[in-house]
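Novice: got a structure for you, letters missing:
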């Protein structure tokens, strides 16, 4: 049944299949071919491909048409994106190389990929096509399309010859080829040829807009600014926003080049309003310069700052104009930074020179004379023939007059042989100021050298008087009193009572006469000085010294009166006044009052330096009154309780006499023996020998007199003059700072004369020579020996040196012990200062801030020996408070240091004030303080450098990026310290990393041209 149905089905279908075959066989071959062609032309590519394949299978197909059908079928395979399309075309061409369709196959393939905008593929097949066989429009199409394909791939060298061929004959691509050729010439910067082609292209309205940017740029590049303006302004309404934006910028630049700044500004402002992208540095500079010319200074500053800092000529000009603008706004700090940047860059020497000079003048205007000196000096050296050279020399002289870089000033002025009056005045001043600085540093020898140079140029009489005064002070401090007197007297001749130093001139002269033992003259000047009243600086000392003068000149009543006045006024030297009152009364025979005075010292001032003297004088008074038992008690008390007193040998001597007078010969013998055993080189030793000889005679006793006599002779040999010469020679080497030779000489002296009376002093000088030669270990051993022997006047100095060496060795316990001993033996402010300063250093090393404050206060109250000492104390007190977080107290101490003197401690204090303001975010206050530091303390390089780093930190915190970077660049270029440079570089790198790298340089025109694809008509798509 199923089989039967199947057969019926097959019979049913058979006629249709046979009918189809019959229709194909009986169809006319030409009709099939024609149908395929028509379908192809109508782009019915699937139908066309089927009909071409049908034709190839037709029994009546013609060979030529069959080949054509094969070609078209392969071509359609490309059009229909069939994977075997290219292979079929290649097979056709390989099989039929001479067929007409083979000649155009690659050309058609090129056209196909051209339409697909696959220009790389298009070029591949166009290059395979034989363009010599192409004729008419095909030739024209071919040349344009291959040229455009190359153009699209930016293969301008390959495209240009085709475009140039097309330009020379009439064709539908005439405008397009001129446009593209013009574009290529524009890219190659062949502006003359580009302009010819572009102008021809612009005759076609379709290209008028496309050529606008290039043509305007060419006019600009050729400097045809008015032509650019005339051309572009009329074109603006026809342009879209982007095209108009670029044209407006060109017009603005054209007006800029014509110095028509108002018109330039109008277009620049429009550009800025409409522009959405970041502007390049050159454009910002031009806009800033226009604003500058129109006196819109705020806007100019803003734009110039946006230009930023780089190492190029643009930055140099930009910084120069910024400097001028800041100067107009009287923002001298910012102006200084800007001129500094312009000076450092050397792209334009004239700008660098001008900026250098303006920077120097600006520093001088701000009172920053140290920087002014530096800049003017380097300017004169770098530009010796500049138009400002005369003015620069005059300004440098002025700067030196106001500068505290005195050594540099002196060197400069000494290099000028024929000094003008103005320069002589300057030299007189700077040598005086440098001398005063050395004086404040206690370097009196160098101070005297400078003061002498100053008086050699006596241009200013008033300054001459002041200089002679300080020369007197220097000599007096060095104990050269005769020279001091001469200097003080010369000062009187050039000074008057209104001068600030005049009162102290009386005191200084009085003091010098006093120490030169010209007491009659001394008291006259002390009396004159005391007329200034209690407010006088040295009133208390002058009062005591006047009493001393009356005492020495035997005007005892007046001496007593003035000692009594000192007592009544609670003079700081009241213990001395009581003691001297006792001495004078003892001389006048008023023993009762004398004893009362001595008792006052003994009972109320046990720590007084005159305590042992009072005991001695009281015992001596008893002795002279014949009260030998009482005197023995007094001398014995002193000997028992004051083992370190220098009066001990005298006490033994006097007690021996008292025993002798009481006929207690054995006790007298014992005291004389003690002197000869322990004080053989003392002045009392000779008397002890004589006394012992008399005792032995009375006692009819042989004793050990010969032994003591021999020992005395050995200790005090008859050839004393020879040994004194040797000692003096060694001492001369010491005082001339030839310590190596001094060490050898003193060692030889000690070895040759171990028991001589000068050997103890030689041991001290040997120790101090080692000390000054930085041989501290050797020095320390000897200083300990000097202190232990306690038989020279150098005991106190040795204690101080031991303390200092142990401090350096960081043995703080021993250092503290000996600084305390120094304090116990202190006789004046200088001793106290040395002791307190050492104790301060120990406290600092241990971060003991409360002790630091304590010792600072003690220095200020008891040991303010000079301005440097005061400032150091204020600084240490400030630092102690700062580290404890007591910022208000710290700032007060720092400010006190700044107000007291212009030294290194003041510079550090000023920096600390600025640092505290920075930490408190008071950035502007911090900057103000730092610039004051630069002005007042410019010769302290460490703090100057640190201040500039902190200035940069402040600027950065305030958002003043240009100023921060300019400051750091200045440090990097100018600083001598590698540490400072490295820190500045690190800070600069951090700023740049946080704010992004500098914008890359863009094309100066700032124009972006869009590539145009211009296909004139549909025929190009075939």
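Specialist: Cool, got the structure. None of these values were measured; they are calculated from a predicted model.
Novice: tell me where the model's unsure across the chain.
Specialist: Across the chain, residues meeting the criterion (pLDDT under 70) sit at 1-27, 717-722, 724-725, 995-1022.
Novice: rerun that using 50 as the cut-off
Specialist: In the prediction, the chain carries residues with pLDDT under 50 at positions 1-26, 719, 997-1022.
Novice: distance from the one helix or strand residue 763 maps to to the middle of the chain?
Specialist: Residue 763 is located in helix 759-772, with elements delineated by DSSP states H and E. Centroid separation for helix 759-772 versus its chain: 43 Å, with CA atoms, centre = their mean, to the nearest Å.
Novice: who are the packing partners of that helix?
Specialist: Counting contacts by 3 or more CB pairs under 8 Å, 6 or more residues apart in numbering; DSSP states H and E, helix 759-772 packs against helix 720-735, helix 739-752, helix 776-789, helix 795-808. Quick note: C-beta positions are derived from backbone N, CA and C, even for glycine.
Novice: other residues contacting the third one?
Specialist: The one in question is helix 776-789. Among residues not part of helix 776-789, those counted as contacts by CB atoms under 8 Å, 6 or more residues apart in numbering are 760, 763-764, 766-768, 770-771, 792, 794-795, 798-799, 801-802, 805-806, 808-809.
Novice: buried ones in it, by neighbour count?
Specialist: Applying a neighbour-count criterion of 16 or more other CB atoms under 10 Å, the buried positions in helix 776-789 are 776, 779-780, 782-784, 786-787.
Novice: list just the nearest of the residues you listed to residue 631.
Specialist: Here the nearest of the buried residues of helix 776-789 to residue 631, counting by CB to CB, is residue 787; it sits at 31.4 Å.
Novice: nearest to residue 296 among the buried residues of helix 776-789?
Specialist: Closest to residue 296 out of the buried residues of helix 776-789 is residue 776 (68.9 Å), distances taken as CB to CB.
Novice: picking up where we left off before, just the buried positions in the helix holding residue 763, please.
Specialist: Of the residues in helix 759-772, those buried under the neighbour-count criterion (16+ other CB under 10 Å) are 759-771.
Novice: can you redo those as a markdown table with distance to residue 550?
Specialist: Shown next, in a markdown table, are those (distance: CB to CB, whole Å):
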| residue | distance to residue 550 |
| --- | --- |
| 759 | 40 |
| 760 | 36 |
| 761 | 34 |
| 762 | 39 |
| 763 | 40 |
| 764 | 36 |
| 765 | 38 |
| 766 | 42 |
| 767 | 41 |
| 768 | 38 |
| 769 | 42 |
| 770 | 45 |
| 771 | 42 |
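Novice: and these, which two are the farthest apart?
Specialist: Checked with CB to CB, these reach their widest spread between 759 and 771, with 18.7 Å between them.
Novice: columns distance to residue 428 on top of the buried residues of helix 776-789, output as TSV?
Specialist: Shown next, in TSV, are the buried residues of helix 776-789 (distance: CB to CB, whole Å):
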residue	distance to residue 428
776	42
779	42
780	46
782	46
783	44
784	49
786	45
787	47
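Novice: now, which of those residues sits nearest residue 692?
Specialist: Within the set of the buried residues of helix 776-789, residue 786 lies nearest residue 692; the separation is 29.3 Å, counting by CB to CB.
Novice: who are the contact partners of the closest residue to that closest one other than its chain neighbours?
Specialist: Once its chain neighbours are removed from consideration, residue 786 has its nearest residue in residue 798; the separation is 4.2 Å (CB to CB, 6 or more residues apart in numbering). Listed by CB under 8 Å, 6+ apart, the contact partners of residue 798 are 764, 767, 783, 786-787.
Novice: returning to that earlier point: in JSON lines: the helices and strands packed on helix 759-772, plus distance to residue 962.
Specialist: JSON lines is the format used below for the helices and strands packed on helix 759-772 (distance: least, CB to CB, whole Å):
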{"stretch": "helix 720-735", "distance to residue 962": "58"}
{"stretch": "helix 739-752", "distance to residue 962": "55"}
{"stretch": "helix 776-789", "distance to residue 962": "52"}
{"stretch": "helix 795-808", "distance to residue 962": "48"}
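Novice: so where do the strands sit in the stretch 801-950 of the chain?
Specialist: Using DSSP state E, counting those that start in this stretch, the stretch 801-950 of the chain contains no strands.
Novice: what ranges does it have for its helices?
Specialist: Taking DSSP state H, counting those that start in this stretch as the criterion, the stretch 801-950 of the chain carries its helices at 812-824, 829-845, 849-862, 867-883, 887-900, 904-919, 923-936, 941-957.
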